[in-house]
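Engineer: task: produce atomic coordinates for the following.
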Amino acid sequence: MNVQNRHGDPVDPVPFLVCTATAVMLLFSVGPLYGLAYGLPVWAGLTVATAGTVAVSAVAYHRLVWTAPPPWVQIAPELRFQRLIYIGIGFAVLLVAVSAPLAL
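Structural biologist: Prediction:
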């Protein structure tokens, strides 16, 4: 599979595929259940999960394919670790924000 960024440089498509597949798995397994917990019908939960999947896929494509640096550009390990920490904190905040209303 020959995937290129906006400059025509080859890009590895695996991170995009993994991110999109994970989003589909999480949103479609949890989205309708949260919708039912909040009193929405199942079709509304599925619609929200589909919209979320499309949004995550678009952002992942833009970030991981379209504007990806070429393979010969090296990112400092400190910056990669810092990004990973920020993503982990953001994910934890998201989980607490989504779970808190269900506990009350």
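Engineer: residue 33: neighbour count?
Structural biologist: 13 (other Cβ atoms under 10 Å). For every residue, glycine as well, the C-beta is placed using N, CA and C.
Engineer: ok, it - contacts?
Structural biologist: residue 45 (Cβ atoms under 8 Å, 6 or more residues apart in numbering).
Engineer: restricting to C-alpha, output the helix or strand harbouring it in CSV.
Structural biologist: Using DSSP states H and E, residue 33 maps to helix 14-37. Taking Å, rounded to 0.1, in the frame of the first residue of the first chain, the C-alpha atoms of helix 14-37 are listed here in CSV:
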residue,chain,number,x,y,z
VAL,A,14,-0.3,1.5,10.1
PRO,A,15,-0.7,4.2,12.8
PHE,A,16,-3.7,5.6,11.0
LEU,A,17,-5.3,2.2,10.6
VAL,A,18,-4.7,1.3,14.2
CYS,A,19,-6.1,4.6,15.5
THR,A,20,-9.2,4.4,13.3
ALA,A,21,-9.8,0.7,14.2
THR,A,22,-9.5,1.5,17.9
ALA,A,23,-11.9,4.4,17.6
VAL,A,24,-14.5,2.2,15.8
MET,A,25,-14.1,-0.5,18.4
LEU,A,26,-14.4,1.9,21.4
LEU,A,27,-17.1,4.2,20.0
PHE,A,28,-19.4,1.4,18.8
SER,A,29,-19.0,-0.7,21.9
VAL,A,30,-19.5,2.1,24.4
GLY,A,31,-21.4,4.8,22.6
PRO,A,32,-24.9,3.2,22.3
LEU,A,33,-24.6,2.0,25.9
TYR,A,34,-23.9,5.5,27.1
GLY,A,35,-26.7,6.8,25.0
LEU,A,36,-29.1,4.3,26.6
ALA,A,37,-27.9,5.4,30.0
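Engineer: let me see the mean pLDDT of it.
Structural biologist: Mean pLDDT, computed over helix 14-37, is 90.
Engineer: report the distance from it to the chain centre.
Structural biologist: 8 Å (Cα atoms, centre = their mean, to the nearest Å).
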